[in-house]
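>>> structure here, sequence nowhere to be found:
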C-alpha cells in the first residue's frame, strides 16, 4: 500500500518504510533502455527500477497469473504439435491419393495401402488426443473466468 506525497520523479511513499537496498548491473544497451523507460514514465532511474521490479514480482507471484501463463505455454505446445500433425496429414493424404490413382488405373490396391492407411489412422488418433487436450485447457480457462 502506498501513500501520496512523493517528490517529482520518485515513487510514492510506502506505508511501511523502505529500508532495503539492492544493486543491479547493466551493460550499455541495457542501461540505455532502462534510462529511456524511466524518462517515459517520468521517474528517476532508481525509482523506475524499483517500481518495475516490485510490479514484476507481484505479477510473477500472482497464482492466477502463474496458472494463466502455464495454460498459455500448454496451448502453444499443443498448437505446435497440431501444426506438425497437419504437415504429416498432408504427406499421408498425398500418399493415399497416389494409391487411389494407381488403384483406379490398374484396378488393384498397391502393397503399400495397409501401411498408408495405418499411418493415417495413427495421425487421426493423435489429432483426437491433442484436441482432447485443447478441450481440457479450454475447460480450465472457462472455470477460471466463471470463478472470478
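Sure thing, it's come through. This one's a predicted model, so the numbers in the text were calculated from it and none came from an experiment.
>>> going forward, measure contacts between C-alpha atoms and count neighbours the same way
OK.
>>> look up phi and psi at residue 107.
Reported as degrees, to the nearest 10, the phi and psi values for residue 107 are phi 80, psi 10.
>>> how many neighbours does it have?
By other C-alpha atoms under 10 Å, the residues close to residue 107 number 10.
>>> report the contact partners of it.
The contact partners of residue 107, by C-alpha atoms under 8 Å, 6 or more residues apart in numbering, come to none.
>>> quick check: residue 135 is in a strand.
No: looking at residue 135 with DSSP: H, G, I helix; E, B strand; the rest coil, it is helix, so not inside a strand.
>>> how many neighbours does it have?
Using other C-alpha under 10 Å: residue 135 sits among 12 other residues.
>>> look up how far residue 17 lies from it.
Distance, residue 135 to residue 17, using C-alpha to C-alpha, to the nearest Å: 48 Å.
>>> same question for residue 53.
Distance from residue 53 to residue 17, by C-alpha to C-alpha: 17 Å.
>>> can you give me the pLDDT of residue 4?
Model confidence at residue 4, expressed as pLDDT, equals 49.
>>> also the one 3 residues further on?
Reading off the per-residue confidence, residue 7 sits at a pLDDT of 63.
>>> go through this protein and flag its longest helix.
Ranked by number of residues, the top helix in the chain under DSSP state H is helix 63-106.
>>> thought residue 56 was touching residue 66, still the case?
No: taking contacts as C-alpha atoms under 8 Å, residue 66 lies outside contact range of residue 56: 11.9 Å.
>>> overlap in contacts, these two.
Joint contacts of residue 66 and residue 56 (C-alpha under 8 Å, 6+ apart) do not exist.
>>> for the residue nearest to residue 65 when sequence neighbours are not counted, which three-state class applies?
With C-alpha to C-alpha, 6 or more residues apart in numbering as the criterion, residue 65 has its nearest non-adjacent residue at 6.7 Å, and that residue is residue 59. The local conformation at residue 59, judged by three-state DSSP, is helix.
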